[in-house]
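Undergrad: Okay, predicted coordinates and the sequence, questions at the end:
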Amino acid sequence: MTPEPRLRIAMQKSGRLSDDTQALLKRCGLKLNVSDRRLLAHVANMPIDIMRVRSSDIPGLVMDGVCDLGIVGDNTLEEAALERALMAQKSQYIRTTGLNFGGCRLSIAMPEGFDYQGIDSLNGLRFATTYPQLLNRFAKANGINIEFCLLKGSVEVAPRVGLADGICDLVSTGATLEANGLVEVEEIFRSKASLIQTVTALPAEKQAILDTLLPRIQGVMKAKESKYIMLHAPKDKIAQVSALMPGKETPTILPLAGRDDLVAVHVVATETFFWETMEQLNALGCNSILVMPIEKMMG
């Protein structure tokens, strides 16, 4: 008996993207059976397998067609694509959708006291980094010559022990740089997580699974960025109220029982809804203004 085709997704085994990825898949309705000791996790309610690996392995697994999909940081993805292209290996992939977690930046940082006068100040220096291809691309684009030493961890200590003049590493809050006496001087790449897909055509059975999963992922992403707003508004101020509502959706106007002067206004907002906007609505005579998170969206 031929086994049922199963979509295979590569994700980070542990680290900053692992928890967010698991949360995303669970919000998409996938029942995960994840164990720290197992690299392959099975989804109980859909024909999907989750391969849990190092982040640096995910791009190659997708580019080589071992996994159908992968969730990985753009920094890791771009570094791998540049390296594989340099080595004449497969480097093609489809960036199916950007995800709204895993935000960080790849930056150059120098020791406190370094007299930074612009990019030319970096010419001829040596940098410790985990991302040599992205660093080299930045250097070439800006016409400077640099050296680098490749480190897979503890990059921040390199200047202090005399291994390098500065570093090129991921920055989130900057607290680690400050703790090691470093100052961020140039941002060279901004990153979030992405869902990527192999360029190899999927069999019809796997494509059907993807066609179910992808709208769910996009719906979760859209819901996370949106708010549901409800309020009561004076009937004669609908035009002014609608003009203040953020987003592109047309507000829904509903009658209120026993009130001829007020109507209920409902809208999904995909932009930030500020306190100032609420105060302006209140000044127009609106009341019962509610701003609520949305768990799922579709369509």
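TA: Looks like it came in fine.

Undergrad: so how many other residues sit close to S91?
TA: 16 (other Cβ atoms under 10 Å). Glycine gets a C-beta too; all of them are placed from N, C-alpha and C.

Undergrad: Apologies, that question was intended for G102.
TA: Neighbour tally, G102, other Cβ under 10 Å: 23.

Undergrad: Who does the nearest residue to it once chain neighbours are set aside form a beta bridge with?
TA: In space, G102 comes closest to A193 once its chain neighbours are excluded; the distance is 3.6 Å by Cβ to Cβ, 6 or more residues apart in numbering. For A193, the beta-bridge partners are G73 (DSSP bridges).

Undergrad: Quick check, A193 in contact with L17.
TA: Yes: applying Cβ atoms under 8 Å as the test, A193 and L17 come out as touching, 5.7 Å apart.

Undergrad: who's more crowded, the two?
TA: Taking neighbours as other Cβ under 10 Å, A193 and L17 compare with A193 leading, 26 against 23.

Undergrad: Buried residues, the helix or strand hosting V220. List them.
TA: Assigned by DSSP states H and E, V220 belongs to helix 204-224. By 16 or more other Cβ atoms under 10 Å, the buried positions in helix 204-224 come out as 206, 209-210, 213-214, 216-224.

Undergrad: so what secondary structure elements neighbour that helix?
TA: Using 3 or more Cβ pairs under 8 Å, 6 or more residues apart in numbering; DSSP states H and E, the elements in contact with helix 204-224 are strand 7-12, helix 18-27, strand 94-98.

Undergrad: I'd guess S91 is in a helix, am I close?
TA: No: S91: not assigned to a helix; according to DSSP: H, G, I helix; E, B strand; the rest coil it is coil.

Undergrad: residues in contact with it?
TA: For S91, the contact set (Cβ atoms under 8 Å, 6 or more residues apart in numbering) comprises 63, 80-82, 84-85.

Undergrad: can you name the two of those that are farthest apart?
TA: M63 and L82 (12.3 Å; Cβ to Cβ).

Undergrad: so after the lowest-mean-pLDDT helix or strand in the chain, what's the next helix or strand?
TA: When each helix and strand of the chain is scored by mean pLDDT, DSSP states H and E, strand 32-33 comes last, with a mean of 84. As assigned by DSSP H and E, the chain's next helix or strand after strand 32-33 is strand 40-43.

Undergrad: Contacts for that next one, please.
TA: Contacts of strand 40-43 (Cβ under 8 Å, 6+ apart): 25, 30-35, 48-52.

Undergrad: Thanks a lot, catch you later.
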